[in-house]
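[1] got a predicted model here, sequence first, then my questions.
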Amino acid sequence: MNLAVFVSGRGSNLKAILDNQELKSLIAVKVVCSNDSECNAIKLAESKKIDTFIIPKIQDEKLVDELISFLEKRNIELIVLAGYLKLIPPSLVDKFENKIINIHPALLPSFGGKGMYGMNVHKAVFESSAKVSGATVHFVNKEYDKGKIIAQRCVDISDVKSPEEIAERVLSIEHNLLPFVIGKFALNKIEIKGNRVFILD
Ligand code: GRF
C-alpha cells in the first residue's frame, strides 16, 4: 500500500512508521508533505530519500489541484496525518474519502478541535483532573478531529505531576497505535458500517 504522510514537526510518529518491522512488507511511504520545509520530520524524510512536497501557507485551488495530482501520480492509497497541524483542504478530503487518517494525542471526542494540538491538549487533560488519557486514530473529515474514530488506546495518568508526563506516556502509545492501524488498512481489515469502524482480526 502506498502512503503519503503529512507532518509539521518533530516526526517521531513518521519515524515509528518507517522503523516498524511489520509494516516493511506491507507499505511504502512514497511522499512526506509538510507546511514547514524546515521541520525535523521533513529532514528525516530527506535523509531517507523520500519525496517531499511543501504546502505553502496561502493555498489556492490551483495548488490543491497540484497536490492532488502529485498524490495521484504516486498512486497514494492512504494519507496519514502524523502531527500535521493544518486543516486538510475540502477538495482533498473529497478526493480521498475514508482514505485520510489522523492521530490525536487524547481520547476523542474530548480534548479535540481547533487549537487542540501538542502541549495544549496535554495541559487541558492535566487541568481537567482526568485519570486516563490516550491516543485516537480517526478518519479525517472537513472539521478538526471530528471524523469517525478507528482505534483508541488508554493510558493511566492518575499519578502524573505535569502535562509533560502525560505527553510522554501518550506518545509511546501513539508509536504503536498508528503503525497498528496502518497495518490493518494495508491488510484490508478496516470496515466501516454507518458511523462505526470495525477492525477485523
Ligand atoms: C503527536 O502527539 C500527534 O498525536 C499530534 O502531534 C504530535 C506529533 O508528534 N497530532 P511527532 O511530530 O510525530 O513527533
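    On my side now, so go ahead.

[2] hey, let's count contacts and neighbours off CA atoms from now on
    OK.

[3] can I take it that residue 3 is in a helix?
    No - going by DSSP: H, G, I helix; E, B strand; the rest coil, the assignment for residue 3 is strand, not a helix.

[4] all helices of the chain, in order?
    Ranges of helices in the chain, per DSSP state H, are 12-19, 40-47, 61-73, 90-95, 119-128, 163-186.

[5] out of the ones you listed, which comes closest to the ligand?
    helix 12-19 (3.4 Å; CA to the nearest ligand atom).

[6] give me the distance from the closest one to the chain's centre.
    From the chain centre to the centre of helix 12-19 is a distance of 11 Å (CA atoms, centre = their mean, to the nearest Å).

[7] got it, and stretch 115-134?
    18 Å.

[8] can that stretch be found next to the ligand?
    Yes - Stretch 115-134 comes into contact with the ligand (CA under 6 Å from any ligand atom), by way of residue 118.

[9] helices or strands up against the helix or strand bottoming out on mean pLDDT in the chain?
    Within the chain, no helix or strand scores below helix 61-73, which has a mean of 93 by mean pLDDT, DSSP states H and E. With contacts defined as 3 or more CA pairs under 8 Å, 6 or more residues apart in numbering; DSSP states H and E, helix 61-73 has these neighbours: helix 90-95.

[10] buried ones in the helix it packs on?
    Within helix 90-95, the residues that qualify as buried are 92, 93, counting by 16 or more other CA atoms under 10 Å.

[11] average model confidence for that helix?
    Mean pLDDT, helix 90-95: 95.

[12] how about residues contacting that helix?
    Outside of helix 90-95, the residues within contact range by CA atoms under 8 Å, 6 or more residues apart in numbering are 64, 68, 100, 140, 141, 142.

[13] for stretch 23-33, same thing?
    1-7, 17-18, 42, 45, 50-55, 74, 76, 179, 182-183, 186-187.

[14] start to end distance for it?
    Distance between the two ends of stretch 23-33: 20 Å, counting by CA to CA, to the nearest Å.

[15] any idea how far it is from the middle of the chain?
    Centroid displacement of stretch 23-33 relative to its chain, using CA atoms, centre = their mean, is 14 Å.

[16] show me what contacts residue 11?
    So residue 11 contacts 40, 41, 42, 44, 82, 83 (CA under 8 Å, 6+ apart).

[17] 6 Å instead?
    Shown in contact with residue 11 (CA atoms under 6 Å, 6 or more residues apart in numbering): residue 41.

[18] could you pull up phi and psi at it?
    Here is the backbone geometry of residue 11 (degrees, to the nearest 10): phi 90, psi 20.

[19] what parts of this structure come near the ligand?
    9-14, 82-83, 103-105, 118, 171.

[20] one more pass at 8 Å, please.
    By CA under 8 Å from any ligand atom, the residues of the chain that approach the ligand are 7-15, 41, 81-85, 102-106, 117-118, 135, 167, 170-171, 174.

[21] not counting sequence-adjacent ones, nearest residue to residue 170?
    residue 134 (5.4 Å; CA to CA, 6 or more residues apart in numbering).

[22] beta partners for that neighbour?
    Here residue 134 shows beta-bridge partners residue 154, assigned using DSSP bridges.
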